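Undergrad: Just the structure for this:
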Amino acid sequence: MRVLVTGGSGFVGQRLCPALIAQGHEVQVVSRTPHKVRDRLPGKCDIRDSVQAFIDSPPGALINLAGESIAAKRWSEHQKTALIRSRVEITEQLVSLCEQLGENGQPLPKVLVSGSAMGYYGDQGDKRVNEDTPPHDEFAHRLCAQWEAAAKPIEALGVRLAIIRTGLVLGADGGTLQKMLPPFKLGLGGRFGDGKQFMPWIHRDDLVAAIIFLLNDSPLSGAFNGSAPHPVTNAEFTQTLAKQLHRPAVLPVPACVLKAGLGEMSQLLLTGADMRPERLMEAGFIFQYPTLDKALAAILAPKRSA
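TA: Residues are numbered from 1 along each chain as shown. Next up is the predicted model:
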C-alpha cells in the first residue's frame, strides 16, 4: 500500500518511514526541501515538495505528523499563529487532495492517522484523563482542537479518521530527552516547579507501533491517547532519569524562573495531565515499554539506538 506521510523527516517520521517500508508499504513523504531531507530517510521513499504533487500516484493511506515544534520559540502572538498554521494548513491540504481524487474518480485513501497532542486536555492537575475527559481551555488545547478539527471533513469523504494525541516522545537522538540529558549528565538536573505535574510520555518505538496499529486496524476511529500506560509526575521523571544516569537530581528549577524566562510557554513544563491510553489498550495494543525505567534503560543503553 502507498502511505503518504507528512512530517516524515522529523523525529518520529525518521523511525516510522523505515518501519512502514519493512512491512512492505511504499512510502511517500512531503517536504518543502526534498534535497535537504533525503539523507534522513530510506532511499526508497518518494519525497516531493507538496501534498498536491502526489495527485498522480494516489496514496492508500495518510499519516499526518507535520507541525512546527511547540517548544522551539517563546509564545508570542505571531508564534502562536505560526504553530497553528503549520498544523492546520498541511491537514487541510490532505483533505483537499482527497476531494480532488474523488472529483477525478481516483481511489481515495482508506484512512488518515492524524497527529494531535496531550495539550488537547490542557492542565488537568492530578485527575486521571482518558479520551472522553473534557479539556481545560488554554492555548495548547485550542492549538490541538483546531488541528483535529481540520482533519474532520475527511470523514465525510468516506475516509476513516484516527487521531493520536501523543505524550512526550522519548528517544536517543531527539525529542524531549535531547534538551534534558546534558544538564542531567552533569548532575545539574532537577524537577520543574513543585514537580507534582504529570508528564505523559511514550517511547518513540511504541508511538511508531501505535501509528501503524491504527493504520492497519480498520474498525478504529476517533481519538486515541498516544502515551504509555504508566505516566509519572515531573518529580518522578527527573528522579528516574537521574537514577539511570547515576547522577543526582537535586537542583530544581523554580516555577517563577520558568515563568520569567519562557512566559506563557512555561505551562508546558509546569502543568500536565495524568493521561492514559485507554482506547489503545482496549483495542489490544501492547506496549513494548510500558514503564519509564524500562524505556529509559533501553534508550540510554550503550551502543543501542532507540
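Undergrad: Setting aside sequence neighbours, what's the nearest residue to V111?
TA: Nearest non-adjacent residue to V111, counting by C-beta to C-beta, 6 or more residues apart in numbering: R160, 4.4 Å away. (C-beta placed from N, C-alpha, C; glycine too.)
Undergrad: And for L241?
TA: Nearest non-adjacent residue to L241 (C-beta to C-beta, 6+ apart): F184, at 5.6 Å.
Undergrad: Give me the pLDDT value at the one you found.
TA: Looking at F184, its pLDDT stands at 92.
Undergrad: list the contacts for T91?
TA: The contact partners of T91, by C-beta atoms under 8 Å, 6 or more residues apart in numbering, come to N64, S114, W147, A150, A151.
Undergrad: redo that, cut-off 6 Å
TA: N64, A150, A151 (C-beta atoms under 6 Å, 6 or more residues apart in numbering).
Undergrad: show me where the protein has strands.
TA: Assigned by DSSP state E, the strands in the chain fall at 2-6, 26-30, 46-48, 61-64, 111-117, 128-129, 160-166, 168-171, 174, 198-199, 201-203, 222-226, 232-233, 274-275.
Undergrad: what does the fifth one contact?
TA: Meaning strand 111-117. Outside strand 111-117, the residues within contact range by C-beta under 6 Å, 6+ apart are 61-65, 144, 147-148, 151, 154, 159-163, 165-166, 211, 214-215.
Undergrad: again, 8 Å this time
TA: With C-beta under 8 Å, 6+ apart as the criterion, strand 111-117 contacts 7, 61-67, 70, 87, 91, 94, 140, 144, 147-148, 151, 154, 159-167, 211, 214-215, 218, 223.
Undergrad: next one: that strand to chain centre, how far?
TA: 9 Å (C-alpha atoms, centre = their mean, to the nearest Å).
Undergrad: before we move on, what about the fourth one?
TA: The gap between the average C-alpha position of strand 61-64 and the chain average comes to 14 Å, counting by C-alpha atoms, centre = their mean.
Undergrad: List the strands paired with it, with their directions.
TA: The pairing partners recorded for strand 61-64 under DSSP bridges are strand 2-6 (parallel), strand 111-117 (parallel).
Undergrad: Pull out the buried members of the contacts of strand 111-117.
TA: Neighbour-count burial (16 or more other C-beta atoms under 10 Å) is assigned, among the contacts of strand 111-117, to 7, 61-67, 70, 87, 91, 94, 140, 144, 147-148, 151, 154, 159-167, 211, 214-215, 223.
Undergrad: surely F192 meets C256?
TA: No - using C-beta atoms under 8 Å, F192 is not in contact with C256; the gap is 11.5 Å.
Undergrad: Look at these two and report which has more neighbours.
TA: Each of F192 and C256 has its neighbours counted (other C-beta atoms under 10 Å); F192 has more, 22 against 10.
Undergrad: hang on, the earlier thing: now, which of the contacts of T91 sits nearest R74?
TA: Of all those, R74 sits closest to A150, with 24.8 Å by C-beta to C-beta.
Undergrad: tell me the contacts of that closest one?
TA: R87, V88, T91, E92, V95.
Undergrad: And the residue nearest to T33 when sequence neighbours are not counted, how far from L16?
TA: Once flanking residues are discounted, T33 sits nearest to D49: 7.6 Å by C-beta to C-beta, 6+ apart. Note on D49: its distance to L16, by C-beta to C-beta, to the nearest Å, is 20 Å.
Undergrad: and what of A297?
TA: Applying C-beta to C-beta, the value for A297 to L16 is 23 Å.
Undergrad: Next up, the contacts around the spatially most central residue of the chain.
TA: What sits nearest the mean C-alpha location of the chain, by C-alpha atoms, centre = their mean, is T166, with 4.5 Å. T166 makes contact with G115, S116, A117, M118, I202, L207, G226, S227, according to C-beta under 8 Å, 6+ apart.
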